[in-house]
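Visitor: Compute the structure for the input listed below.
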Amino acid sequence: MPLIARVTEQTGRFGLLLGAILLDLLVSPIIAASPLGFPGERILAGFVLIAAVVVGWGGRGAIILFALALGGTLAEILVPGVDLRAPVVVTRLVFLAYVFGGIVHRVLSERDVTLDTIAGAACAYVLLGLVFGQVFVLIEIFAPGSFEIPSSFVVGHEGDVRAALTYFSLTTLTTVGYGDIHPSVPGVGALAVTEAIVGQLYLAIMVARLVGLHLAAPRS
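Guide: Here you go, the predicted model:
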């Protein structure tokens, strides 16, 4: 049995993706500041894309989006002198949004609540933060200065704020809001508020759905 099949059999498909996402979030800042630098960070990001497509449900669309997102990530490593941030972020945004929608649909279609179902709901929640993070990065690329970002948050690749705005997005989604990074224009502030509201609605709706499924399940 292939290695990936063995891993997904033991952890569940969503468990594999959740582990890959959390590993990326925890380790990528360390790698970016290490001798591995930007290439190491991008390779780790590529593993998240691979895990996402493993969780996927096949289909030509998923494969094409995955190929574009992974191709952009590899291009950044192989062609370091060219600024590919915008197209890479766009392809990653579309792919992650596609995966988010597919996971939510699958979780809401389940009839039984399992650990893998719960992991799927958690995956979708974190992916929501990553999707908004990509949107914030695009805004900063095309309208520099839209965010107040301390220089200490810009690590690794010169001028790259992707990690910083992913951090901002996740703290906004979870309503932690430390305030070290914040919008500097009203429109971006409104988008951040929208993310916080969507995140709370997601939690309320998803928890209600999973609890309802659990209570409706026949007792042995």
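
Visitor: For the chain, give the helix that spans the most residues.
Guide: For the chain, the helix with the greatest residue count under DSSP state H is helix 186-216.

Visitor: Buried residues, that one. List them.
Guide: Residues of helix 186-216 classed as buried under the neighbour-count rule (16 or more other Cβ atoms under 10 Å) are 188, 191-192, 195-196, 199, 202, 206, 209-210, 213. Every residue, glycine included, has its C-beta placed from N, CA and C.

Visitor: Residue 96 touches residue 52, doesn't it?
Guide: Yes. The pair residue 96 and residue 52 passes the contact test of Cβ atoms under 8 Å, sitting 7.2 Å apart.

Visitor: Tell me which of those two has more neighbours.
Guide: Taking neighbours as other Cβ atoms under 10 Å, residue 96 and residue 52 compare with residue 52 leading, 27 against 22.

Visitor: Now do the same contact list for that one.
Guide: Applying Cβ atoms under 8 Å, 6 or more residues apart in numbering, one finds that residue 52 lies in contact with 17, 20, 66, 95-96, 99.

Visitor: How about the most centrally placed residue in the chain: what's its closest non-neighbour residue?
Guide: Centroid check for the chain by Cα atoms, centre = their mean gives residue 130 as the closest residue, at 3.3 Å. Closest residue in space to residue 130, ignoring its immediate chain neighbours: residue 96 at 5.5 Å, by Cβ to Cβ, 6 or more residues apart in numbering.

Visitor: quick revisit: what do residue 96 and residue 52 both touch?
Guide: Looking at what touches both residue 96 and residue 52 (by Cβ under 8 Å, 6+ apart), there is no common residue.

Visitor: my read is the residue nearest to the centre of the chain is in a helix, agree?
Guide: Yes. Judged by DSSP: H, G, I helix; E, B strand; the rest coil, residue 130 forms part of a helix.

Visitor: Now do the contacts for it.
Guide: Residue 130 sits next to 21, 96, 166, 169-170 when contact means Cβ under 8 Å, 6+ apart.

Visitor: Strands along this protein, start to end?
Guide: Counting by DSSP state E, the chain has these strands, from start to end: 147-148, 182-183.

Visitor: Those strands: which one's closest to residue 161?
Guide: Taking Cβ to Cβ as the measure, the strands of the chain were each checked against residue 161, and strand 147-148 came out nearest at 7.5 Å.

Visitor: Tell me the helices and strands packed up against the closest one.
Guide: Strand 147-148 sits against helix 115-142, strand 182-183, with contacts defined as 3 or more Cβ pairs under 8 Å, 6 or more residues apart in numbering; DSSP states H and E.

Visitor: Quick one: closest of these to residue 152.
Guide: Nearest to residue 152, of all the helices and strands packed on strand 147-148, is strand 182-183, at 15.0 Å by Cβ to Cβ.

Visitor: mind checking how far that closest one is from the chain centre?
Guide: What separates the centre of strand 182-183 from the centre of its chain is 20 Å, taken as Cα atoms, centre = their mean, to the nearest Å.

Visitor: Stretch 170-190 now?
Guide: Averaged over its C-alpha atoms, stretch 170-190 has a centre that lies 17 Å from its chain's centre (Cα atoms, centre = their mean).
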